[in-house]
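Novice: Everything below, folded, please.
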Amino acid sequence: QVQLVESGGGLVQAGGSLRLSCAASGRTFSSYASGWFRQAPGKERKFVGCISWSGGSTSYADSVKGRFTISRDNAKNTVYLQMNSLKPEDTAVYYCAAARTPYSSCFPLESAYWGQGTQVTVSS
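Specialist: Reported below is the predicted structural model:
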């Protein structure tokens, strides 16, 4: 059973930084792509970014390019989301996700395992 546990959310002022972590268990972490999605109140869950199973490639939503960075440490079964230059519109619940099939570079929202989410609030 795949388990994903996020941590690191909180309240930060606009322009600040946060780093989210996601610890994975239940299968061979290094064989699966990981990613982050977010959901603002009253809105659909949206793609933030993903990292391939090997860590060799990443992909980001246009809204976060140049500000957010995804990385992974396969030895620690953990994926990270470094968020810099945060804006109030980044306020959302952030969800860690993992691909259901191995050896992919990314994956759609419909084909993911999910963590429980962590709240990120950016004040203006």
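Novice: now the end-to-end length of stretch 60-74.
Specialist: Stretch 60-74 has an end-to-end distance of 20 Å (criterion: C-alpha to C-alpha, to the nearest Å).
Novice: now what about that stretch, what contacts it?
Specialist: For stretch 60-74, contacts defined as C-beta atoms under 8 Å, 6 or more residues apart in numbering pick out 29-30, 34-36, 46-51, 55, 58, 78-86, 89-90. C-beta: built from backbone N, CA, C; applies to glycine.
Novice: Report the central residue of this protein.
Specialist: Trp36 (2.3 Å; C-alpha atoms, centre = their mean).
Novice: bridging residues for Glu6?
Specialist: Legend: beta-bridge partners of Glu6 under DSSP bridges are Cys22.
Novice: Okay, now the sheet partners of the helix or strand bottoming out on mean pLDDT in the chain, with direction.
Specialist: Every helix and strand in the chain was compared by mean pLDDT, DSSP states H and E; the lowest is strand 112-114, with a mean of 93. When pairs are called by DSSP bridges, strand 112-114 turns out to pair with strand 92-99 (antiparallel).
Novice: where's the strand it pairs with relative to the chain centroid, distance-wise?
Specialist: Distance of strand 92-99 from its chain centroid, counting by C-alpha atoms, centre = their mean, to the nearest Å, is 5 Å.
Novice: Also stretch 106-115?
Specialist: 11 Å.
Novice: Can you give me the end-to-end span of that stretch?
Specialist: 17 Å.
Novice: which residues sit against that stretch?
Specialist: 2, 4-6, 22, 33, 35, 37, 45, 47, 50, 52, 59, 95-101.
Novice: for that stretch, which positions count as buried?
Specialist: Within stretch 106-115, the residues that count as buried by 16 or more other C-beta atoms under 10 Å are Cys106, Phe107, Ala112, Tyr113, Gly115.
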